[in-house]
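Visitor: Dropping the sequence and predicted coords here.
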There are 2 protein chains.
Amino acid sequence: MSDSMEHFPHLEDLVRDADRAVIEEQTMRVVLKAEQHHQHVRDQLQQVVTLGDQGKRISLGDDGPVLEPGTPMHKGFVTGIKVALHMVGDFPLKVVHSSEDDD
Amino acid sequence: MSDSMEHFPHLEDLVRDADRAVIEEQTMRVVLKAEQHHQHVRDQLQQVVTLGDQGKRISLGDDGPVLEPGTPMHKGFVTGIKVALHMVGDFPLKVVHSSEDDD
């Protein structure tokens, strides 16, 4: 075994780091991308809810209808966004740094 | 080095598999969990849209208001859910099996 090991002088280091740095970095990268998307969706929905609760006019696209505050259409729309925000919920994974991880 | 290696008889195998099985399985597990949540949210929103487009009555919770089809409140609500579904969009990561991966 020591012969083959000569081709991998840092093999021990690799193994020691394999289930920390490498896995965590790759996993972290994709998980963070998914989490960012999730948060972006929440932010967008929250913006609409805030506008609605402030009684602001809401326009649905450049050529779309404008929802005037106080109308049932406006109220229904904002309620729909609130329900959607509730459904989207929290991101389903908890992202922790290894220093915080007790496992 | 060979002394310390005796404690790790399968070290070579570990290294060889480290950036395949372990990373992929762990990454896959967390990515799939996030993807399932995303799809579940989409399914829920789509169900409401389908109900609304079919002109069905929509009740907001057990004690909540009931939205009668044909009313502006009903229309606004379903429009809000449609906009939310559009915002939620597709899952931001493409999940492929290693056999399909050209990298």
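Guide: On my side now, so go ahead.

Visitor: If I look at the closest residue to chain B within chain A, what pLDDT would I see?
Guide: At 2.2 Å from chain B, A:Gly80 is the closest residue in chain A, using Cβ to the nearest Cβ. Where C-beta positions appear, they are placed from N, C-alpha and C, glycine not excepted. Reported pLDDT at A:Gly80 in the predicted model: 97.

Visitor: doesn't it fall inside a strand?
Guide: No: assigned with DSSP: H, G, I helix; E, B strand; the rest coil, A:Gly80 falls outside any strand and is helix.

Visitor: For the closest residue in space to it that isn't next to it in sequence, grab the count of nearby residues.
Guide: Distance criterion Cβ to Cβ, 6 or more residues apart in numbering or on different chains; nearest residue to A:Gly80, sequence neighbours excluded, is B:Gly80 at 2.2 Å. Applying other Cβ atoms under 10 Å in any protein chain shown, we find 30 residues neighbouring B:Gly80.

Visitor: Next up, the contacts around B:Gly80.
Guide: A:48, A:76-81, A:83-84 (Cβ atoms under 8 Å, 6 or more residues apart in numbering or on different chains).

Visitor: Can you add distance to B:Arg29 and give those back as JSON lines?
Guide: JSON lines is the format used below for the contacts of B:Gly80 (distance: Cβ to Cβ, whole Å):
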{"residue": "A:Val48", "distance to B:Arg29": "34"}
{"residue": "A:Gly76", "distance to B:Arg29": "40"}
{"residue": "A:Phe77", "distance to B:Arg29": "38"}
{"residue": "A:Val78", "distance to B:Arg29": "37"}
{"residue": "A:Thr79", "distance to B:Arg29": "36"}
{"residue": "A:Gly80", "distance to B:Arg29": "33"}
{"residue": "A:Ile81", "distance to B:Arg29": "32"}
{"residue": "A:Val83", "distance to B:Arg29": "30"}
{"residue": "A:Ala84", "distance to B:Arg29": "27"}
